[in-house]
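Engineer: quick check, what structure comes out for this input:
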Amino acid sequence: MSLFEVKDLSISYDAQADAEHPSPWLNGISFTLDAGCIYDLTGPSGAGKSMLLRACARMMDIKQGHLLLNGKGSLEFGFQEWRRQVCLVPQHASLVPGTIRDNLLLPWTLKVNRDKAQPTDQELKHLLEAASLDVALDHDAARLSGGQAARVALLRTFATKPPVLLLDEVDAALDDDSAHAVGILTMSMVEQGSTCLRIRHRPPDGRASGIFRLADGKLELLKGAERRLA
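Structural biologist: Residues are numbered from 1 along each chain as shown. As a prediction, the model looks like this:
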C-alpha cells in the first residue's frame, strides 16, 4: 500500500554566486513509498539526494510538486506535525548534554509530542538492545563513542515511531557491526507499518525493496519493490 508519494517535484537554486560548485537541482521527481518497505537512494555526490530528503520533510521551499502522506497533501498538515510524521535523520545528528535517557526522551519535551505517552524505561532498553548498544540509560551521553552516539541519535527518532523515515547516510561513519545493527533496527521499524527512504553508499544489504538512483536532476528506479509485507 502506498504510504508516501511525491508528485512532479522540482527544485532549483541560483548558482551564480558559486559557478564552480553549482547547487544540485531536481526536475519533475515522482515516486511512491509503500508501507512495510525500505528504499535505498543512490547517486553521485552533489546530485541532490540530501536535498530531496529535506524537500520531503518540508525543510525547504517547494516551488512545484506535491507531497502526500496516506493520500493527504502536505499543505493540510502544520509544519511541526508533518515533520513528526515524515521524519528526517541527518548524517551527523547531535546529542544534548545529559544521559542517554534524556536524549531518547528529548522528542517528548517538544510541544508537538507533549500529549503523547513517552516510552517506558523497559521500552527504551529494548531499543538499545536492538541497536546492539550495551549501555545504561543513565550513562552520560558525552562519554559515548562516535558510533554509539550516532545510534542513540537514530534511536531517538525511532522511539517516536514516525510513519515515514528519511535517513541521510546515518550509517556512513559506523563500523560494519554497528551498520548491520542499524539495518536490522530499521527493518523492524518498517515491519510495524512505516516506510523508509535511506541514502547509503554501502554495498546492498538485502533489505531494500526498491533502489532509486538520482542523477542529473532525474530519479530512476533501478529495482522495484519486490519485498512487501503480506
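Engineer: so what does the host helix or strand of E123 touch, helix or strand wise?
Structural biologist: In the assignment (DSSP states H and E), E123 maps to helix 121-130. For helix 121-130, the packing partners by 3 or more Cβ pairs under 8 Å, 6 or more residues apart in numbering; DSSP states H and E come out as helix 100-104, helix 146-158, helix 176-190. All C-beta atoms are positioned from the backbone trio N, CA, C, and that covers glycine.
Engineer: what about this protein, any weak spots by pLDDT?
Structural biologist: Residue ranges of the chain with pLDDT under 70: 1, 13-24, 224-230.
Engineer: mind running it again at 80?
Structural biologist: 1, 12-25, 92-93, 111-115, 173, 223-230 (pLDDT under 80).
Engineer: distance of the residue most central in space within the chain from P90?
Structural biologist: The geometric centre of the chain, computed from its C-alpha atoms, lies nearest to L166 (Cα atoms, centre = their mean), at 2.0 Å. Going from L166 to P90 by Cβ to Cβ, to the nearest Å gives 9 Å.
Engineer: okay, now R83: neighbour count?
Structural biologist: Neighbourhood size, R83 [other Cβ atoms under 10 Å]: 16.
Engineer: does it count as helix, strand or coil?
Structural biologist: Under DSSP: H, G, I helix; E, B strand; the rest coil, the three-state class of R83 is helix.
Engineer: backbone dihedrals for the residue nearest to it when sequence neighbours are not counted, please?
Structural biologist: Spatially, and ignoring its direct neighbours in sequence, R83 is nearest to A57 (5.7 Å; Cβ to Cβ, 6 or more residues apart in numbering). When read as degrees, to the nearest 10, the backbone of A57 gives phi -90, psi 0.
Engineer: make sure A57 is actually in contact with V89.
Structural biologist: No. If you go by Cβ atoms under 8 Å, A57 and V89 don't touch, sitting 9.8 Å apart.
Engineer: overlap in contacts of the two?
Structural biologist: Both A57 and V89 are in contact with L166, where contact means Cβ atoms under 8 Å, 6 or more residues apart in numbering.
Engineer: which parts of the chain are strands?
Structural biologist: 2-11, 26-34, 38-42, 64-69, 72-73, 86-89, 164-168, 195-199, 208-215, 218-223 (DSSP state E).
Engineer: now the shortest one, how far from the chain's geometric center?
Structural biologist: So that's strand 72-73. 20 Å (Cα atoms, centre = their mean, to the nearest Å).
Engineer: partner strands of that strand and their direction?
Structural biologist: Strand 72-73 has the following strand partners under DSSP bridges: strand 64-69 (antiparallel).
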